[in-house]
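Undergrad: compute the structure for the input listed below.
(chains A and B)
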Number of protein chains: 2
Amino acid sequence: MEYRRIKDQDKDEDSVHDDVESLRGKPHSGSSSNLAALVGNPADRTKWKRKSIVTLSLTVLTSSQAILIVWSKRAGKYEYSVTTANFLVETLKCALSVAALARVWRNEGVTDDNRLSTTWDEVSVYPIPAALYLIKNLLQYYIFAYVDAPGYQILKNFNIISTGVLYRIILKRKLSEIQWAAFVLLCAGCTTAQLNSSSDKVLQTPLQGWVMAIIMALLSGFAGVYTEAIIKKRPSRNINVQNFWLYVFGMIFNAIAIVVQDFDAVMNKGFFHGYSFITVLMILNHALSGIAVSMVMKYADNIVKVYSTSVAMLLTAVVSVFLFGFHLSLAFFLGSTVVSVSVYLHSIGKLQR
Amino acid sequence: MEYRRIKDQDKDEDSVHDDVESLRGKPHSGSSSNLAALVGNPADRTKWKRKSIVTLSLTVLTSSQAILIVWSKRAGKYEYSVTTANFLVETLKCALSVAALARVWRNEGVTDDNRLSTTWDEVSVYPIPAALYLIKNLLQYYIFAYVDAPGYQILKNFNIISTGVLYRIILKRKLSEIQWAAFVLLCAGCTTAQLNSSSDKVLQTPLQGWVMAIIMALLSGFAGVYTEAIIKKRPSRNINVQNFWLYVFGMIFNAIAIVVQDFDAVMNKGFFHGYSFITVLMILNHALSGIAVSMVMKYADNIVKVYSTSVAMLLTAVVSVFLFGFHLSLAFFLGSTVVSVSVYLHSIGKLQR
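TA: As a prediction, the model looks like this:
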């Protein structure tokens, strides 16, 4: 549970940033490349390559994230404070962004696109995702009055659909009919893969639970789409500067969370109480996957992000068979088949657009 | 169980007839109509209409078949002899074919295409399906040494894939990439919809069980494709004549089965022992759906048949909620979603061919 919180928090903060002004149907560059780009000019090929690398990184990082969760659960290490871990994740991301920027400055010099200093106008929207995250996290506590944790995991798959719908409405980007079908399949396939003997309980969820799940899915989808819009608003702007500002606000909000929630514990036991080797690995992994999410938003889009994290979910299960002796259910195989067909249709749908 | 036997038997006999000579890539008419036909000439429109009517009939009859099974299970009526019921189904189909022919003869006179008398050459292949059915039914007894009945229901979904593959190989008819994807989804969706808490046991099936399930799926798929080839070999031949000869051999084989299996019971208790109103309804329904299968083979194809019976399976479950107070599982909803998307993709795939 606690770890799930840090996980959600991290993802949301990475994906909840945007600028209301940029939400009005401005065309975004660098995100509609497809297989055809392979035979196109070198610039397209570079774009396609970069998109593939960031997508692959996100997939690998997300699935190793889940594996670390299982590992830490097995080791029973949960005594560290989640708020301090979150704060360190944001700090690490900030540090990495600045390090990357330092290299850029050394090589290219300081330009308008890579300077850290900025206008209030640019920065003013960056705290908004943190606000969205706050609302969603608040709702998360309430929804458990209606749904149990495994049920919530099932309902979270609404995120897939809401991301697709908001991507269409807010970013005004089109998906082909086949890609829409693929997206519905992705949602159904992911849910199927997660089915277990107690999943049917979720059907008894009262209306309030459904409504909250849908609202949370919309918040989460909006968060993702918002981040994409904010990051793509200025395509030439260096991604590390954009990340820096996203993460600075992440640090501030998490610092507040430490003071409000864990002030006594941190004061009495110390900031790093309960930290273990796994905790350090988790923080490192979260920081890197957070950066990968930003990169996918910059060089690909939310649809790619959803596919990437969904495939990661399946990968995790397969790897867990070897690492932890997990048994895969028939539902998992069926769900994986549906997800695989969905990925195939998504790429086919693109070519035929 | 007993009822399942009569069901399989019936379906197989309807769908296992063909002529080896006609299996060699002869183009078949009247089966590739699509939505475009709606705007085409009146002949195409008639074809499309006829195809829709027979498909709809098959769907409704198949789902009411399953509902009758549930009804009869609830009523606990199982004392009648399955072999006599099967014989009556074949006899009724024969009688209905002759009645339809009588009407044709009155209206159009006797022609080469609608005369009952025929050559040995034409008729010689009609008993073959009965042989295939015999092999499959024999295997059915052996497979239960490795799989239980619910597991067998799950494995039967291989039929969907085998039908598609044999349809491609034997009839040399092409499916588009999207239609193949849709077919895989149909199989995954149907299986998902049937999942229950004990489904995972099927994964422990020993190798022999898997091999037999695949062989049975191939036999069943071959049966269906064979029937389509035999019926379409002479497109102008009246379907009622073709049905008549199929069903005559069905009668003969079932008469033999009565003598071999149930001779004593029929002699001591009488032919109609244990028959009830539901039994009569079931026989009527089986006869009509048998004829509908033949019609679908004539005016549509095996792919349409598979879709029709799969959708019927879902319809049955929904109707059972109202009739018998069944509860639908989450897996059912997910499977139904996947099947619906599959139907949609199949039609989309056709248009883009």
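Undergrad: need the contact list for residue A:216.
TA: A:136, A:139-140, A:143, A:156, A:158 (Cβ atoms under 8 Å, 6 or more residues apart in numbering or on different chains). No exception for glycine: its C-beta is placed from N, CA and C like everyone else's.
Undergrad: what does residue A:273 give?
TA: A:79-81, A:265-266.
Undergrad: quick one, which of those residues are buried?
TA: A:80-81, A:265-266 (16 or more other Cβ atoms under 10 Å in any protein chain shown).
Undergrad: look up how far chain B lies from residue A:79.
TA: 35 Å (Cβ to the nearest Cβ, to the nearest Å).
Undergrad: which positions in chain A make contact with chain B?
TA: A:154, A:177-178, A:181, A:184-185, A:188-189, A:191-192, A:195, A:197, A:199-200, A:202-203, A:328-331, A:334-335, A:337-338, A:341, A:344-345, A:348, A:352 (Cβ under 8 Å from any Cβ of the partner chain).
Undergrad: C-terminal to the longest helix seen in chain A, what's the next element?
TA: What stands out as the longest helix in chain A, according to DSSP state H, is helix A:42-75. Per DSSP states H and E, helix A:42-75 leads on to helix A:82-108 as the next helix or strand towards the C-terminus.
Undergrad: pull out the buried positions in the next helix or strand after that following helix.
TA: Sequence order places helix A:120-123 as the next helix or strand after helix A:82-108, per DSSP H and E. The neighbour-count check on helix A:120-123 (16+ other Cβ under 10 Å) flags residue A:122 as buried.
Undergrad: output helix A:120-123 as PDB, nothing but the C-alphas.
TA: Provided in PDB are the C-alpha atoms of helix A:120-123 (Å, rounded to 0.1, in the frame of the first residue of the first chain):
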ATOM      1  CA  TRP A 120       6.700  33.700 -14.600                       C
ATOM      2  CA  ASP A 121       4.500  33.100 -17.600                       C
ATOM      3  CA  GLU A 122       6.300  29.900 -18.500                       C
ATOM      4  CA  VAL A 123       6.700  28.600 -14.900                       C
END
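Undergrad: hmm, who's touching it?
TA: Under the criterion Cβ under 8 Å, 6+ apart, residues A:234, A:245 lie in contact with helix A:120-123.
Undergrad: C-terminal to it, what's the next element?
TA: Past helix A:120-123, the next helix or strand by DSSP H and E is helix A:128-143.
Undergrad: what's the next secondary structure element after that next one?
TA: Helix A:128-143 is succeeded, C-terminally, by helix A:149-155 (DSSP H and E).
Undergrad: so residue A:51 sits against residue A:303, correct?
TA: No. Using Cβ atoms under 8 Å as the test, residue A:51 is too far from residue A:303 to be in contact (11.8 Å).
Undergrad: so for those two, which residue has more residues nearby?
TA: The residue with more neighbours, out of residue A:51 and residue A:303, is residue A:303; 26 against 22, by other Cβ atoms under 10 Å in any protein chain shown.
Undergrad: quick check: that one touching residue A:167?
TA: Yes. Counting by Cβ under 8 Å, residue A:303 does reach residue A:167; the two are 6.3 Å apart.
Undergrad: any shared contact partners between those two?
TA: residue A:175.
Undergrad: hang on, the earlier thing: looking at the residues of chain A next to chain B, which are in helices?
TA: A:154, A:177-178, A:181, A:184-185, A:188-189, A:191-192, A:330-331, A:334-335, A:337-338, A:341, A:344-345, A:348.
Undergrad: of those, keep whichever come out buried.
TA: By 16+ other Cβ under 10 Å, these give A:154, A:178, A:181, A:184-185, A:188-189, A:191-192, A:330-331, A:334-335, A:337-338, A:341, A:344-345, A:348 as buried.
Undergrad: how close does the closest residue to residue A:147 other than its chain neighbours sit to residue A:139?
TA: Nearest residue to residue A:147 in three dimensions, chain neighbours excluded: residue A:209, at 4.9 Å (Cβ to Cβ, 6 or more residues apart in numbering or on different chains). According to Cβ to Cβ, to the nearest Å, residue A:209 and residue A:139 sit 11 Å apart.
Undergrad: out of those two, which sits in the more crowded spot?
TA: residue A:209 (20 against 15).
Undergrad: isn't that one up against residue A:148?
TA: No. Assessed by Cβ under 8 Å, residue A:209 is found out of contact with residue A:148, at 10.2 Å.
Undergrad: which residue ranges form the helices in the stretch 251-353 of chain A?
TA: Under the criterion DSSP state H, counting those that start in this stretch, helices of the stretch 251-353 of chain A are mapped to A:277-299, A:302-324, A:330-351.
Undergrad: between helix A:302-324 and the last one, find me the angle.
TA: Computed by axes from the mean of the first three to the mean of the last three Cα atoms, to 10 degrees, the angle separating helix A:330-351 from helix A:302-324 equals 150 degrees.
Undergrad: other SSEs contacting helix A:330-351?
TA: With contacts defined as 3 or more Cβ pairs under 8 Å, 6 or more residues apart in numbering or on different chains; DSSP states H and E, helix A:330-351 has these neighbours: helix A:177-193, helix A:302-324, helix B:177-193, helix B:330-351.
Undergrad: how about the first one?
TA: Other helices and strands packing on helix A:277-299, by 3+ Cβ pairs under 8 Å, 6+ apart, are helix A:2-14, helix A:42-75, helix A:82-108, helix A:207-233, helix A:239-269, helix A:302-324.
Undergrad: and the ones you listed as JSON lines, adding mean pLDDT?
TA: As requested, the helices and strands packed on helix A:277-299 are exported to JSON lines (pLDDT from 0 to 100):
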{"stretch": "helix A:2-14", "mean pLDDT": "38"}
{"stretch": "helix A:42-75", "mean pLDDT": "85"}
{"stretch": "helix A:82-108", "mean pLDDT": "92"}
{"stretch": "helix A:207-233", "mean pLDDT": "90"}
{"stretch": "helix A:239-269", "mean pLDDT": "87"}
{"stretch": "helix A:302-324", "mean pLDDT": "91"}
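Undergrad: so for residue B:46, which of the helices and strands packed on helix A:330-351 sits nearest?
TA: helix B:330-351 (18.9 Å; Cβ to Cβ).
Undergrad: from the chain's centre, how far out does that closest one sit?
TA: Chain-centre distance of helix B:330-351: 20 Å, with Cα atoms, centre = their mean, to the nearest Å.
Undergrad: from residue A:81, how far out is the residue sitting furthest away from the middle of chain A?
TA: The centre of chain A is farthest from one residue, residue A:268, which by Cα atoms, centre = their mean lies 33.5 Å away. Distance of residue A:268 to residue A:81, computed by Cβ to Cβ: 11 Å.
Undergrad: overlap in contacts, these two.
TA: With Cβ under 8 Å, 6+ apart, residue A:268 and residue A:81 have no common neighbours.
Undergrad: show me the contacts for the nearest residue to residue A:108 once chain neighbours are set aside.
TA: Leaving aside its chain neighbours, residue A:108 sits nearest to residue A:114 (6.9 Å; criterion: Cβ to Cβ, 6+ apart). The contact partners of residue A:114, by Cβ under 8 Å, 6+ apart, come to A:101, A:104-105, A:108, A:238, A:240-241.
Undergrad: same question for residue A:241.
TA: Contacts of residue A:241 (Cβ under 8 Å, 6+ apart): A:97, A:101, A:113-116, A:118.
Undergrad: repeat that for residue A:182.
TA: Applying Cβ under 8 Å, 6+ apart, the residues near residue A:182 are A:341-343, A:345-346, A:349.
Undergrad: also residue A:261?
TA: By Cβ under 8 Å, 6+ apart, the neighbours of residue A:261 are residue A:83.
Undergrad: repeat that for 10 Å
TA: A:81-83 (Cβ atoms under 10 Å, 6 or more residues apart in numbering or on different chains).
Undergrad: relative to residue A:127, which of those is nearest.
TA: Nearest member of the contacts of residue A:261 to residue A:127, counting by Cβ to Cβ, is residue A:83, at 17.9 Å.
Undergrad: that closest one: how many residues sit nearby?
TA: 23.
Undergrad: same question, residue A:190
TA: Residues near residue A:190, counting by other Cβ under 10 Å, number 26.
Undergrad: now do the SS call for residue A:237.
TA: Under DSSP: H, G, I helix; E, B strand; the rest coil, residue A:237 falls in the coil class.
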